[in-house]
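[1] Sharing a model prediction with you, sequence too.
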Amino acid sequence: MTFLVIVCYDVVTETREGRRRLRRVARICEGVGQRVQKSVFECRIDAAQFDELERRLLAEIEPQEDCLRFYRLTEPVRLHVKEYGTFRATDFEGPLVI
């Protein structure tokens, strides 16, 4: 069973190492979800994938400087997410049109 997780992060980028951390965190999130804002990703994942994502991200951030948040949305997701503006998230549960 999969669920929707919102991943939000704020990585301090005042140092070279901070900028590297930011790129690594973004790369990890890009591998499992879709970017909906600069530091916000939507991930449709199962419990094992969530555990792996959390472990990988915690290994990258610096807890004394950075911030990492996970939000698990309960079903039905359409009741909890409202979208405005030009970006529309991909509906991974809907029909695939090629």
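    Good, I have the coordinates.
[2] how far away is residue 68 from residue 76?
    Counting by C-beta to C-beta, to the nearest Å, the gap from residue 68 to residue 76 is 27 Å. Heads up, the C-betas are built off the backbone N, CA and C, glycines and all.
[3] Compare those two and say which one has the larger neighbour count.
    residue 68 (17 against 8; other C-beta atoms under 10 Å).
[4] So that one belongs to a strand, correct?
    Yes. Assigned with DSSP: H, G, I helix; E, B strand; the rest coil, residue 68 falls within a strand.
[5] Now do residue 14 against residue 23, distance only.
    For residue 14, the distance to residue 23 - C-beta to C-beta - is 15 Å.
[6] So which of the two has more stuff around it?
    Per other C-beta under 10 Å, whichever of residue 14 and residue 23 has more neighbours is residue 23, with 13 against 8.
[7] so where's this protein uncertain?
    Judged by pLDDT under 70, the chain has its weakly predicted residues at 77, 82-83, 86-98.
[8] mind listing the helices for it?
    Remark: helices assigned in the chain by DSSP state H are 16-30, 47-60.
[9] can I get the ones you listed in JSON lines with distance to residue 81?
    Shown next, in JSON lines, are the helices of the chain (distance: least, C-beta to C-beta, whole Å):
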{"stretch": "helix 16-30", "distance to residue 81": "18"}
{"stretch": "helix 47-60", "distance to residue 81": "18"}
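[10] Which of those helices sits closest to residue 39?
    For residue 39, the closest of the helices of the chain is helix 16-30, at 7.8 Å, according to C-beta to C-beta.
[11] Show me which residues of that closest one are buried.
    21, 22, 24, 25, 26, 28, 29 (16 or more other C-beta atoms under 10 Å).
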